[in-house]
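Novice: Return a 3D structure for these sequence lines:
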Amino acid sequence: MKRFFLPLAILALAAGGCGSSSKTTSSSTSTPAPASGSSSTASPSGAVTIHMQNIQFNPKSQTVKVGQKVTWVNEDTVAHNVTAQSGGTFKSSTFGQGQSFSFTPTKAGTITYVCTIHPGMTGTLTVKP
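Specialist: Residues are numbered from 1 along each chain as shown. Next up, the predicted model:
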């Protein structure tokens, strides 16, 4: 019986000691998903990410504040761009998977935008003061 418990005790002590060094380690924290059901993400600095997935902007509509950085990230295997149609002035170059484009609104209003490569891929950015 002692032969069985001794290895378990040693294993428990070894596992308890894992990770206890003076070295600095990093950890990631998870931010809960927004209650609205949108899948954009906001960083601690307030920046917002809009995902480009399945030839769609996700979310299709997003509300931000003046001065809040918005970044579109291409998660598709095809190239995209982001171009304001009304209410704003921005136009990205074409960018591929894993690349991004950012815009920071300077005034309140509603901005409609499109991927000109995929005209059915549209979105709306509502900018609050």
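Novice: Quick one: low-confidence residue ranges for this protein.
Specialist: 1-45 (pLDDT under 70).
Novice: Please repeat the previous calculation with a cut-off of 50.
Specialist: 1-39, 44 (pLDDT under 50).
Novice: hey, where'd the helices end up in it?
Specialist: Along the chain, counting by DSSP state H, helices occupy 2-17.
Novice: by contact count, what packs against the lengthiest strand in it?
Specialist: For the chain, the strand with the greatest residue count under DSSP state E is strand 118-128. Helices and strands touching strand 118-128, by 3 or more C-beta pairs under 8 Å, 6 or more residues apart in numbering; DSSP states H and E, are strand 56-58, strand 61-65, strand 109-115. In short, each C-beta sits where N, CA and C put it, glycine included.
Novice: Looking at the ones you listed, which is nearest to residue 47?
Specialist: strand 61-65 (9.2 Å; C-beta to C-beta).
Novice: Now do the buried residues in that closest one.
Specialist: Of the residues in strand 61-65, 61, 62, 63, 64 count as buried by neighbour count, 16 or more other C-beta atoms under 10 Å.
Novice: ok so, going back, please produce CSV containing the helices and strands packed on strand 118-128, extended by distance to residue 98.
Specialist: Output for the helices and strands packed on strand 118-128, formatted as CSV (distance: least, C-beta to C-beta, whole Å):
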stretch, distance to residue 98
strand 56-58, 16
strand 61-65, 21
strand 109-115, 16
